[in-house]
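**Student:** Structure, please.
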Amino acid sequence: MSVPLGFFPPDPLSVVAEIERPYTLHQPLLHVVPVVVDVPHAGRRYPRAFVERARLSLQSLRRSEDAYVDRLFESCVDLGAPLLVAEFPRAFLDVNREPYELDPRMFDGRLPAFANTRSMRVAGGLGTIPRIVGDAHEIYFGRIPVEEALSRIDTLYRPYHAGLRSLVQRTQSAFGTCILVDAHSMPSTGLDRDGLAKADIILGDRFGTSAAAYVTDIAEEAFRRRGLTVTRNRPYAGGFITEHYGAPSAGVHGLQIEINRALYMNEATLAPHSGFGELQQTIASAMADCFARWSGWLDEWREAAE
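**Tutor:** Numbers count the residues shown, from 1 in each chain. Okay, here's the model as predicted:
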């Protein structure tokens, strides 16, 4: 049975709320498929102190949010897979990064010696504690205490990954394998790295290193059969989650799925539009197809029929 995911769409001001827990886990009545779905960037609880201290409006802060992706994938629970959803917004803390990808220019105080201060993501303002949202819009007026950054990591980042790691390990133990679906959405504007308009769906498997080919092949076919355009790895090949958890040789496959926001929402107002329900049903159908094929059920049915 699916756990209700709250009012939809939320009142714009209701998203100004304290973060009560790192994540919400929606468990199926029976976990019957070797799949875990996580949604790391759809959190919409913006602490009041964070909003009041930001140099950007709440609407601007939300531009980095993968709005409503948890709702798009909620059918996965009824299909037999757990769904893990971050409660906090990406602008506040990004769990799709290493735990300590931190820009020393952002903080008052000394970072731990082991912090990764030189990654490309840090240089671009998109570290574990992001410096920007959208098109390079600075979040903060000035520096923030380093103790605050480390507290966010300790109280939100670490528990989120502990929960995700536990789900992956339990799934692999139960089924002998685990397919981690890392669900996201992407802005419709801009071009991919080949200069083409973005597809409806971009599948990221770190160019074949985070998931076996059959996992990505099945997902691509499922979405294409439902009339969606699909590309792989360009411009989104997968972030820390797919890279960190995906280990095909060990039986764990990490597949990032990016959904084009123009398919389901008004990107200026952040409100879902009339296409939301249809896309939600399309994703439910595609995931049902993927789950059956990833689980080998279709092969078993064919063998039984023969």
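
**Student:** Give the burial count for Leu102, as a bare number.
**Tutor:** Number of residues near Leu102 (other C-beta atoms under 10 Å) recorded here: 25. C-beta here means a position set from N, CA and C on the backbone, and glycine is covered the same way.

**Student:** How much space separates it from Pro235?
**Tutor:** Going from Leu102 to Pro235 by C-beta to C-beta, to the nearest Å gives 24 Å.

**Student:** For the longest helix anywhere in the chain, list every residue counted as buried.
**Tutor:** Longest helix of the chain, by residue count under DSSP state H: helix 276-295. For helix 276-295, the neighbour count (16 or more other C-beta atoms under 10 Å) marks 276, 279-280, 282-284, 286-295 as buried.

**Student:** looking at it, Gly80 is touching Trp294, isn't it?
**Tutor:** No: look at Gly80 against Trp294 with C-beta atoms under 8 Å: they stay out of range, at 11.5 Å.

**Student:** and Lys128, what element?
**Tutor:** One thing to correct before we go on: residue 128 is Thr, not Lys. For Thr128, there is no enclosing helix or strand under DSSP states H and E.

**Student:** Where does pLDDT dip in the stretch 1-150 of the chain?
**Tutor:** Scanning the stretch 1-150 of the chain for pLDDT under 70 picks out 1-9, 12.

**Student:** For stretch 137-155, measure first residue to last.
**Tutor:** Stretch 137-155 has its terminal residues 26 Å apart, counting by C-alpha to C-alpha, to the nearest Å.

**Student:** Contacts for that stretch next, please.
**Tutor:** Applying C-beta atoms under 8 Å, 6 or more residues apart in numbering, the contact partners of stretch 137-155 are 22, 53-56, 60-61, 63, 91-93, 99-100, 102, 105-112, 125, 128-133.

**Student:** Check stretch 64-71 too.
**Tutor:** 5, 8-9, 39, 41-44, 83, 85, 89-91, 130, 133-134, 183-185, 259, 261, 264-265, 270, 272, 276, 280.

**Student:** Now list the buried members of those.
**Tutor:** 5, 9, 39, 41-44, 83, 85, 89-91, 130, 133, 183-185, 259, 261, 264-265, 270, 272, 276, 280.

**Student:** State the phi and psi torsions of Val252.
**Tutor:** phi -120, psi 130 (degrees, to the nearest 10).

**Student:** what does Thr231 give?
**Tutor:** Given degrees, to the nearest 10, the pair of backbone angles that Thr231 has is phi -130, psi 170.
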